[in-house]
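Undergrad: Structure, please.
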Amino acid sequence: MTSIFCLRLVEAGYRNVWTPQAELFHHESATRGQDDAPDKQRRAEKEYRFMRERWGEKMEIDPAYNPNLTSGHDDFSLAWPPRVDTI
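TA: So this is what the prediction gives:
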């Protein structure tokens, strides 16, 4: 799934370039905790609905993700059937 960072970059006219030397860390749960209480679960669901309303299908199609890899798992396995048309 495309991140909001990438979606905002494209919307602003920028491109996201990957480099293997970059090492980034995101510690969201360190500042707001786990979504393990009912109020936190409601907040997380509200945020999810907002993302769906704001970005829709763009969240599902990551232009930088190899179309030969599955989008149904997080293990970068090959897509079957392939997600691209073959000749």
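Undergrad: need the helices for the protein, in chain order.
TA: 4-11, 28-32, 38-55 (DSSP state H).
Undergrad: Any regions of this structure where pLDDT drops low?
TA: 1-2, 28-29, 85-87 (pLDDT under 70).
Undergrad: same thing but 80
TA: Along the chain, segments meeting pLDDT under 80 span 1-4, 16, 18, 26-35, 58-65, 71, 82-87.
Undergrad: gap between Asp62 and Lys40?
TA: To Lys40, Asp62 is 27 Å away according to C-beta to C-beta, to the nearest Å. Backbone N, C-alpha and C define where each C-beta goes, glycine included.
Undergrad: who's more crowded, these two?
TA: With neighbours defined as other C-beta atoms under 10 Å, Asp62 and Lys40 compare such that Asp62 has more, 16 against 13.
Undergrad: Distance check, that one against Thr19.
TA: Counting by C-beta to C-beta, the gap from Asp62 to Thr19 is 17 Å.
Undergrad: Go ahead and name everything in contact with stretch 62-75.
TA: Contact with stretch 62-75 is made by 1-2, 6, 16, 18, 60, 76-80, 82-84, as judged by C-beta atoms under 8 Å, 6 or more residues apart in numbering.
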